[in-house]
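Undergrad: Build the 3D model from these lines:
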Amino acid sequence: MYPEHTDKAPAVRAPDVHHPTPITPAVVPYAAPVAPVQPHTVPTVASVVLPDGRVVTGYAIEPAKTEPAAAKPPVSRAAVNVALGGVGFLAVCGGLLMLTTFITALTAFVTQLITLAAVLFGGYIAVQVFKPHEAKSGNTFHIRKAVFKRNHFNG
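TA: Predicted structure coming up:
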């Protein structure tokens, strides 16, 4: 970090030698091969002559072997999923239909209660209004005439 002094000879240091210790796992999950494994048979070398006269040499590659097709189930998974989705949808629709029916019935009931209250209250008011005057009961107050002149009350 700091420059060394040039008036003195540089001190000779002994090199630090680090010896790493290998970490050996307690349990080896699989045994690693000691030497590279060669294929059991050596593939044949093929040469191909191109139309322009060049020769291409290389190993022949075996075509990929197709695996035998697995036996298909009698019903596809997609069809089963669609059927189960339809059953779930019908269950939800039935619940929603019941919910909307309940809300409609509750709305009609509240409307009938309001109509009944209006009819009863209106009937009571009509009886009070159209009752003969003699049959009316209650206190009678006579208010004499008051005259207002130029914003002044004369009573």
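Undergrad: T57: what secondary structure?
TA: strand (DSSP: H, G, I helix; E, B strand; the rest coil).
Undergrad: show me the contacts for it.
TA: T57 makes contact with 45-48 under the criterion Cβ atoms under 8 Å, 6 or more residues apart in numbering. Every residue, glycine included, has its C-beta placed from N, CA and C.
Undergrad: Narrow those to those in strands?
TA: 45-48 (DSSP state E).
Undergrad: quick revisit: which member of the contacts of T57 is positioned nearest Y59?
TA: When the contacts of T57 are compared for distance to Y59 (Cβ to Cβ), V45 wins out at 6.2 Å.
Undergrad: And the pLDDT for that closest one?
TA: pLDDT recorded at V45 is 74.
Undergrad: now the one 5 residues further on
TA: At L50 the predicted local distance difference test score is 85.
Undergrad: Could you pull up the contacting residues of it?
TA: The contact partners of L50, taken as Cβ under 8 Å, 6+ apart, are V56.
Undergrad: The protein: helices as residue ranges?
TA: Using DSSP state H, the helices of the chain run over 77-129.
Undergrad: Serialize the contacts of T57 to a markdown table and add fields for neighbour count and distance to F102.
TA: Below are these laid out as a markdown table (neighbours: other Cβ atoms under 10 Å; distance: Cβ to Cβ, whole Å):
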| residue | neighbour count | distance to F102 |
| --- | --- | --- |
| V45 | 9 | 83 |
| A46 | 11 | 80 |
| S47 | 8 | 85 |
| V48 | 10 | 81 |
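Undergrad: and the two most separated of those residues?
TA: The span of the contacts of T57, defined through Cβ to Cβ, is set by V45 and V48 at 11.0 Å.
Undergrad: where does the chain have low pLDDT?
TA: Scanning the chain with the threshold set as pLDDT under 70 gives 1-12, 17-18, 20, 22-43, 60, 133-155.
Undergrad: Repeat the analysis, applying 90 as the threshold.
TA: Applying pLDDT under 90 to the chain flags residues 1-51, 53-100, 126-155.
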